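Student: After the sequence you'll find the predicted model.
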Amino acid sequence: MTTLSRLVGGCLLSGAAFAAPLPVAAQRQVELPRQSHEVQCLSLPARGKGAALARQVEGEANQRGAEGWLLAGMVLTGGEAVLCFTRPQVVVNTEVSRIPEGKPRPELSGNWTELDSKEAAEKIVAECFTAPAWLGGKTASIRVGRVVNRTDEHLDARAIIAQVEKAILATKKLRVLASDAPGAESAGADFLLNLTVVSLLDQVEGVRIKHYQVAAEVLRAANGQKVCIGSAEITKAITQAPAVW
């Protein structure tokens, strides 16, 4: 008789999940891996010998193989066939920690975050609103209009608008009107600011380079004349080690 312990070395029975009770004789012979593997053993009547038994085992192995199980070994005892299957077990440890207010969240995926919204807003405002000659020394009002998303992600347009409005207000050069006010987007505003966000992705195995470009246009609300075109660029390198089983 060929026992499972000869087929799989460094094994242990404890912790196995059995689909049916195992005969005592089989429990003394069957040993299973200590490593991070799920294990299932089942006992079924041996219908015949030789080729008939091989077909029976093959059918059960194929059925469980579709679910990722591998036949680790078989023991024949008392007219029964004890089959043991194994597959890698994914162990997930979850830990939650709070991030202090004002501290940026750690980036996990490389996708757009609130930190990117803040950085892009500051760059655009520095370019178009630090010394706006197009104001002519007058106190004017501006409304942030639309945010066009041309990335492959969902972007929170309201969060981007809020950061831009905050940065404009900090310059103390313009009055900022609510972007979601009822009526036409240009109603009551002297200028409009429209934004477009584009992303480009370049990747090879294990490394992704993600490039964002935010284009800004400041328009006179009365006639659509462009008075400033600004931009902000953000590039991220995302490195991911291959999964190890």
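Tutor: That came in fine, so what should we check first?

Student: From here on, just use CA atoms for contacts and neighbour counts.
Tutor: Fine.

Student: which residue ranges form the helices in this protein?
Tutor: For the chain, the helices defined by DSSP state H occupy 4-7, 24-29, 51-65, 114-128, 157-171.

Student: Can you tell me how far the nearest residue to residue 111 once chain neighbours are set aside is from residue 200?
Tutor: Spatial nearest neighbour of residue 111, chain neighbours left out: residue 153 (7.6 Å); criterion: C-alpha to C-alpha, 6 or more residues apart in numbering. Here the distance between residue 153 and residue 200 works out to 11 Å (C-alpha to C-alpha, to the nearest Å).

Student: Between the two, which has more neighbouring residues?
Tutor: Each of residue 153 and residue 200 has its neighbours counted (other C-alpha atoms under 10 Å); residue 200 has more, 13 against 10.

Student: Is that one in contact with residue 212, as I believe?
Tutor: Yes: the pair residue 200 and residue 212 passes the contact test of C-alpha atoms under 8 Å, sitting 6.5 Å apart.

Student: And the residue nearest to residue 111, its phi and psi?
Tutor: Comment: the main-chain dihedrals of residue 153 come out as phi -120, psi 160, following degrees, to the nearest 10.

Student: count of residues packed around residue 204?
Tutor: The local packing of residue 204 (other C-alpha under 10 Å) involves 8 other residues.

Student: pLDDT wise, what is it at?
Tutor: With respect to pLDDT, residue 204 has a value of 87.

Student: do the same with residue 180
Tutor: Confidence score, pLDDT, at residue 180: 73.

Student: cool, and residue 64?
Tutor: Note for residue 64: predicted pLDDT of 79.

Student: what about it, how many residues close to it?
Tutor: Other residues near residue 64 come to 14 when the count uses other C-alpha under 10 Å.

Student: Skipping its backbone neighbours, what lies nearest it in space?
Tutor: The spatial neighbour of residue 64 that comes closest, neighbours along the chain excluded (C-alpha to C-alpha, 6+ apart), is residue 70 at 7.5 Å.

Student: list the contacts for the one you found?
Tutor: Applying C-alpha atoms under 8 Å, 6 or more residues apart in numbering, we find residue 70 in contact with 61, 64, 85, 86, 87.

Student: any weak-confidence spans in this protein?
Tutor: Within the chain, the stretches with pLDDT under 70 are 1-36, 46-50, 78, 90-92, 181-186, 242-245.

Student: For it, which segments count as strands?
Tutor: Assigned by DSSP state E, the strands in the chain fall at 17-18, 37-45, 70-77, 80-88, 140-150, 174-177, 191-204, 207-220, 226-239.

Student: partners of residue 144 in the sheet?
Tutor: Using DSSP bridges, the bridge partners assigned to residue 144 are residue 193.

Student: from memory it sits against residue 179, does it?
Tutor: Yes: with contacts defined as C-alpha under 8 Å, residue 144 counts as touching residue 179 at a distance of 5.6 Å.
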